[in-house]
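# what follows is a predicted protein model with its sequence.
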Amino acid sequence: MTLDVDIAHRQGAFSLETRFSSVGRLTALFGPSGSGKTSLINIIAGLARPERGRIVVDGRVLVDTERKIFVPRHRRRVGLVFQDARLFPHMSVLGNLRYGRFFTPQSQRYASEEAVVELLGIGHLLGRRPSGLSGGERQRVAIGRALLASPQLLLMDEPLASLDEARKAEILPYIERLRDEMRIPIVYVSHSVAEVARLASEVVVLSAGRVAAHGPAAAIMQRLDLLPVEERGEGGSVIEAIVSRHDDTFDMTVLASGAGNIRVPRLDAPPGAPVRLRIRARDVIIATERPLGLSALNILPGRIASINAGEGGSMEVRIDCNGTAILSRITRQSLEMLGLSPGREVFGVIKTISFDRANMATGLRGEVDA
Amino acid sequence: MTLDVDIAHRQGAFSLETRFSSVGRLTALFGPSGSGKTSLINIIAGLARPERGRIVVDGRVLVDTERKIFVPRHRRRVGLVFQDARLFPHMSVLGNLRYGRFFTPQSQRYASEEAVVELLGIGHLLGRRPSGLSGGERQRVAIGRALLASPQLLLMDEPLASLDEARKAEILPYIERLRDEMRIPIVYVSHSVAEVARLASEVVVLSAGRVAAHGPAAAIMQRLDLLPVEERGEGGSVIEAIVSRHDDTFDMTVLASGAGNIRVPRLDAPPGAPVRLRIRARDVIIATERPLGLSALNILPGRIASINAGEGGSMEVRIDCNGTAILSRITRQSLEMLGLSPGREVFGVIKTISFDRANMATGLRGEVDA
Amino acid sequence: MSWLTVLTPDEWNAVRLSVKVATVAMLASLPAGIATALLLARGRFWGRELLNGLVHLPLVLPPVVTGYLLLLAFGRQGPAGSFLAEHFGIVFSFRWTGAALACAIMGFPLMVRAIRLSIEAVDRKLEQAAGTLGANSVWVFVTVTLPLILPGIIAGMILSFAKAMGEFGATITFVSNIPGETQTLPSAIYTFTQVPGGDAGALRLTLISITISMTALLLSEAMARRVGQRLGAA
Amino acid sequence: MSWLTVLTPDEWNAVRLSVKVATVAMLASLPAGIATALLLARGRFWGRELLNGLVHLPLVLPPVVTGYLLLLAFGRQGPAGSFLAEHFGIVFSFRWTGAALACAIMGFPLMVRAIRLSIEAVDRKLEQAAGTLGANSVWVFVTVTLPLILPGIIAGMILSFAKAMGEFGATITFVSNIPGETQTLPSAIYTFTQVPGGDAGALRLTLISITISMTALLLSEAMARRVGQRLGAA
Amino acid sequence: QAKADDRVIVFAAASMKTALDAVNHACAAEVGGEASISYASSSALAKQIENGAPADIFISADLAWMAYLRDRNLVKAGTVTELLGNSIVLVAPKDSAAEADIREGFDLAGLLGDGRLAIGEVTSVPAGKYGREALEKLGLWSSVADRLAQAENVRAALKFVATGEAPLGIVYASDAAAEPGVKVVGTFPEGSHQPIIYPIAQTSASSSPEAEVWLKCAASASATPFYEEQGFTVLGGEK
Ligand SMILES: Nc1ncnc2c1ncn2[C@@H]1O[C@H](COP(=O)(O)OP(=O)(O)OP(=O)(O)O)[C@@H](O)[C@H]1O
Ligand SMILES: Nc1ncnc2c1ncn2[C@@H]1O[C@H](COP(=O)(O)OP(=O)(O)OP(=O)(O)O)[C@@H](O)[C@H]1O
Ligand SMILES: [Mg+2]
Ligand SMILES: [Mg+2]
């Protein structure tokens, strides 16, 4: 997908002036409360008319104020999961789910009702009215409703915010499949770095209506300074790997990456499948000699490329492992104690357990460096 | 606070049958979507009348169906932050904020308008109508509105779900202060293990309308099996410590705990202050001999107390460090490789950096084991 | 039924005619009522206030005046009346259709206002949501707006019906009081009040009229309740 | 103003009286209208349907009948009339107050329905929220419900006012047609229509009546728009 | 004709309903079916006829509206007949002690006390117009002009008296006779007002022979008892 946005819009005292062009398959919108994420999503969906500007999705001009183009919302085939579910109160859950299908030509329907209902765990709610649903249930139905309209572009405004982790964990892989198998371009608003790192191929960071940063997810995730302070613990390097083999004895998967073999908990992907791996900087221990008798299984040899001061007495050490950069965050005390300096040969030590599903994504190969 | 809840209630096909008694200062309600958290909160606030049962807060009977007591909601002095903000559309933000104050006797007002407005960062919104707010702004105003009514019991239904991490990080300490300084009892619904671990003195886990587990936060957090699969990475041990000294050179704080000294990023608490520390099981590496040349600063000697199989090929190793239990999660491969077995002397290795603000709470001393 | 035997054939006719006239007036004005309410609630066009005023006129004018104006416009010689008669074969003058027209017009401001209030209460965000799901504005209206304003539509219909059951000023002035053709219940009641000793007859017919209207009212309330439940109101 | 010179003193009186009667009728029936609407929208009590039917009666009955019933109840010798006169010194018979009473009652079903529709559209969750913030049910009503139903109240008021400007059947039957006391504009207009050659006079007064009502209507629309904006409607 | 069947259609002043219904019934055999009678105020009926109403016969409660139609050639001038007469009386509630000898200068105002005199609208309702004329002739008008309770029609004026709302009223003798709630205090002398006349005529648009028959029958001696029973005087004579 290519998504070109260049718009200016005012609402009250707030002005949105946003310009970016994303070629990613899933573009994450990131930014603090009130920074204009929902406003931007609304404009892309055609709920608001920008004062000036252009929006082009995959060459299809949705808005061009200069050429007086404004495709009405019902012709955009843009699915929108609203921040506030906005279910139709006069229809049952099933009625809500089926609403969009009616307006989708048979040939363009890709979402299967059973699959979506199953995925979202809303089978027992189908006959209910929205007024009888819990907050999370409502949001799940809203996701289902948008999906079942088989949109050609999916806009999701904090879709998982009100869901528990277990439910999130079930839905995230589905969004990945939409992105990868169905190849539905997605714009995804989230406050969760974990979600963004896992899903996004590109990230747009909004701040007070302006684009503060924008680029491939891997690049943005490495720039800890772009992340909110409290989220920096979640930042780190995103590297690409390939499933090398599965270790059935120990229920693990060995990934081959530029930095060496990495052992992770078992992944459900065939050998050869590309995998994207987020290694949190705080999960990486640095050892000056190859450690022995340690439970950590991944010990990646490398050379210190650079050292930067992070916030709060921490240091960010970039280790070049065979050309692949691995970020580590350690204390200044450790740095001095170990006498680390650029050029020094070290080992990056990472526990297998520190990789969980939230850190590993399949199917995004080739876009990390895009 | 003591909160006694013993109620039975039906709504549609869903039946809530909940019985627990919490003495904690902040009781967390935890459970998957649709498990009845909001329903329970509504009943405590007096928005719904349970079919049968009793609710007693600090000896004050709010509901007793047998004795036909049902204190009307406006006399409960129970502040409720709704999952859906529910702001009054016909009032400005300021009007919303001030609404409850009017009904609070002067002597019982403890919340200061300036402080709350400042905390929530809504100073620039005061003149606006709720319809012109973003999702997160709305939720912040809703929090402020509930606080400014100076309630004697605060119910918060996923108050921070729609907020970014930076904003959360600002609000959490305030909630801690309410809990500790104002000593306002709080019931807090959240899906975030980090939030719960940080804030809660007691946790009630709901599942399909029943209490699945209930107890002190420390105990519940150690029982990884109670956590949703995807949240287990966040689980671990919660231990108590005391600020021993600050290391100004390296911007660190040394905590004295039963398990030994632990170095963490600098904490804003005077020496002697109690600190509650969550050590994620996945952050703990096990070493069979004291490691050298490692950036990890905390190396706690101990003895393996027990080993249990976790899910997905992982093992949960409980290390007894001087009588304090530290939980570690490692792969079965590591376990076998290192030949670990109960009784074996080992070292728990933990990075200083793996402690962030979300893992450390001050002021809850004495309630961990309550 | 004992009523049947108490009523003269002309009175019985009046009962049937009134129900017919009220029903037709209510149903026939409904589409226009919805459209007008929609225009007034949503439209931003020149002449909106004029339309609004026009809709309210039958309320403001003494019914006799409305009836007389109808007579002038839709009578045999009136411009609208002769046009409709010539091109569509629709004749109002001194027909029950005329009574229905008069009743429809007298009830129109009530119907429009009820529907308009409902439209103004609709959460437009739901309509937006329908739009993003592929529904064009007509479909949005049919599948979202219309069901949501059903309470207002029902209220508008019962107001129009009840008004029609009570209206006689405009009717009798426009289409007279011809038994079997334009003599509705209220006209018949009026006639009774005009003669000595007619009170008993007037009372009898009044009770019948009340019975019919209350039945309709109860029905409408039951419908509204069902709709309300469907909308999930507490 | 040239109107002033065109109007006879009696007509001028009728104009002033009509405005007074309509205003008083509208304002005086408002509290009862709100209370009744509230009862009908929210109440679950025995006799609810009866009350509902009663409220609708003036719509269903020919105005003459309503007027006559008023005469029987609130006349000098009527039970309600003599009670009120004795204990409160309120006299309706042949007074402008009687005209106001008649107009209020004729407009009551319209007012109640408009307000009721608004009440039924109120999101009760907001009222719950106010309750948790310490407001008892009266305060909840005053600070939350009332502001939210303002559009309905405004609509109800304008309907009542407009109806009062057009009502004469019940008024003239109840309190006669006494210039300066009970002769409202519609009565004056009616009188004109009953004499050969009176059309010009009727037209003149009708235009005045329309002007007044339209001014009121425009005012109400402006108010409703302001309220709507305050409620944040798009 | 726009009407659905070929029944005779009669437009008649509402106050004649009882009598005319009986007459209509009696004449049915002769005419070959009952006529449809539309009762309304004379003004409404006249304007309807002016606007093409399918009426065959018009019976007005006063001469003015008949003249209105005749001036416009809407009734067949040759058929205009003075059908009925009536008189106006002063009534009081049945338990009233009022007595009156109605003649020039009698103390009507004194009799009224602080009450009002119920009367049909004096400019539009026929009974009101006759009443006003009589009061003027008798020199009483100025003393009661601002003490009137004018009603939309004579029946409503009667109700004012019957309910005790007004202590006195001026109504038709025909109405007073049938209302048990009132008693006649006095009759206005002949000559104190124009004769009260209900004229009848066939409309110009009517070509139905049955209508002629109906008109004849209604004006015939056989109809007289029905009118008299309701307190009308039968005139029967061309004008
Ligand atoms: N009005 C109602 N009528 C019938 N069932 C209802 C009603 N409201 C809620 N429920 C059901 O009750 C259950 C509990 O709802 P509740 O809102 O308490 O869940 P929750 O734990 O707050 O979930 P979430 O995290 O999604 O907000 C759900 O299964 C829901 O479908
Ligand atoms: N209708 C409106 N009128 C005026 N200002 C508005 C309106 N809607 C939103 N705003 C303002 O525009 C800004 C952006 O709002 P938006 O909803 O896009 O934020 P957001 O990034 O989605 O925030 P959140 O994460 O809190 O949902 C906010 O400052 C908000 O106050
Ligand atoms: Mg938003
Ligand atoms: Mg909930």
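It's in. Ligands and ions are numbered 1, 2, ... in the order given.
# contacts and neighbour counts: CA atoms only from here.
Will do.
# show me where pLDDT drops low in the chain?
By default, I'm working from chain A. Applying pLDDT under 70 to chain A flags the ranges A:221-235, A:311-312, A:356-370.
# that's the wrong chain, I meant chain E
Applying pLDDT under 70 to chain E flags residues E:1-5, E:236-239.
# centroid residue for it?
In chain E, the C-alpha closest to the average C-alpha coordinate belongs to E:A61, at a distance of 4.1 Å (C-alpha atoms, centre = their mean).
# isn't that one right next to E:P195, touching?
No. Counting by C-alpha atoms under 8 Å, E:P195 is not a contact partner of E:A61; they are 11.9 Å apart.
# what kind of secondary structure is whatever residue of chain E ends up closest to chain C in?
Nearest residue of chain E to chain C: E:S38, at 4.4 Å (C-alpha to the nearest C-alpha). Three-state assignment for E:S38 (DSSP: H, G, I helix; E, B strand; the rest coil): strand.
# what's around it, how many residues?
For E:S38, the number of neighbouring residues by other C-alpha atoms under 10 Å in any protein chain shown comes to 28.
# next: C:L218.
C:L218 - counted by other C-alpha under 10 Å - has 16 other residues nearby.
# and A:A142, by the same measure?
Applying the criterion other C-alpha under 10 Å, we find 25 residues in the vicinity of A:A142.
# next one: phi and psi at the nearest residue to it once chain neighbours are set aside?
On the basis of C-alpha to C-alpha, 6 or more residues apart in numbering or on different chains, the spatially nearest residue to A:A142 that is not a chain neighbour turns out to be A:A85, at 5.4 Å. Backbone torsions of A:A85, given as degrees, to the nearest 10, read phi -40, psi -40.
# do the same with E:V125
Phi and psi for E:V125, reported as degrees, to the nearest 10, are phi -80, psi 130.
# hmm, back to that, do I have it right that the residue of chain E closest to chain C meets E:M16?
No. Taking contact to mean C-alpha under 8 Å, the distance of 10.8 Å between E:S38 and E:M16 leaves them out of contact.
# what ranges do the strands span in chain C?
Secondary structure of chain C by DSSP state E: no strands are present.
# list, one by one, the residues from it near chain A.
Contact residues (C-alpha under 8 Å from any C-alpha of the partner chain) of chain C with chain A: C:125-126, C:128-136, C:144, C:147-148, C:230-232.
# so which of those residues sit within helices?
By the criterion of DSSP state H, membership of these in helices covers C:K125, C:L126, C:Q128, C:A129, C:A130, C:G131, C:T132, C:P147, C:L148, C:R230.
# tell me the spacing between E:K76 and E:M66.
Using C-alpha to C-alpha, to the nearest Å, one gets 11 Å for the distance from E:K76 to E:M66.
# neighbour count winner among those two?
Per other C-alpha under 10 Å, whichever of E:K76 and E:M66 has more neighbours is E:M66, with 25 against 16.
# check contacts around the spatially closest residue to that one that is not a sequence neighbour.
With C-alpha to C-alpha, 6+ apart as the criterion, E:M66 has its nearest non-adjacent residue at 6.3 Å, and that residue is E:S60. When contacts are counted by C-alpha atoms under 8 Å, 6 or more residues apart in numbering or on different chains, E:S60 is found next to E:A12, E:A13, E:S42, E:M66, E:Y198, E:P199, E:I200.
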